[in-house]
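this one's structure only:
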């Protein structure tokens, strides 16, 4: 009997992990490259993308914590780094 819900859907979780990881990194890079004073609205979209990817990666990493521990640890570390890089960035 399966001990984890992630055992039967491990391939899908890997794909979701890669998708959310890519979105998280792209949104963090985008938030650092976009000038919020320009008023274009792209910074709001990057912020929404950041939180969408953050919640998605948190959920997928939580589901992978027993099935693929190393992948989950990479997810936790990237979440930690992304959150603190955004939290410690100066507000314009």
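The structure has been received and is ready for your questions. These numbers come from a predicted model, not from an experiment.

where does the chain dip in pLDDT?
Where the chain drops to pLDDT under 70, the residues are 1-8, 36, 91-92.

Would you state the helices of it in chain order?
Taking DSSP state H as the criterion, the chain carries its helices at 10-33, 42-63, 69-87.

what helices or strands is the second one leaning on?
Okay, so that is helix 42-63. If you count contacts as 3 or more CB pairs under 8 Å, 6 or more residues apart in numbering; DSSP states H and E, helix 42-63 packs onto helix 10-33, helix 69-87. Bear in mind the C-beta positions are built from the backbone N, C-alpha and C, glycine included.

Just the angle for it relative to helix 69-87, thanks.
Inter-element angle recorded for helix 42-63 and helix 69-87: 150 degrees (by axes from the mean of the first three to the mean of the last three CA atoms, to 10 degrees).

tell me which residues of helix 42-63 are tucked away?
43, 46-47, 49-50, 53-54, 56-58, 60-61, 63 (16 or more other CB atoms under 10 Å).

which one of the residues you listed is nearest residue 31?
residue 46 (5.0 Å; CB to CB).

Who are the contact partners of the closest residue to that closest one other than its chain neighbours?
Excluding the flanking residues, the one nearest residue 46 by CB to CB, 6 or more residues apart in numbering is residue 30, at 4.2 Å. The contact partners of residue 30, by CB atoms under 8 Å, 6 or more residues apart in numbering, come to 42, 46, 49.

Next up, the contacts around the closest residue to the last one other than its chain neighbours.
Okay, so that is residue 49. With CB to CB, 6+ apart as the criterion, residue 49 has its nearest non-adjacent residue at 4.3 Å, and that residue is residue 27. By CB under 8 Å, 6+ apart, the contact list for residue 27 reads 46-47, 49-50, 53.
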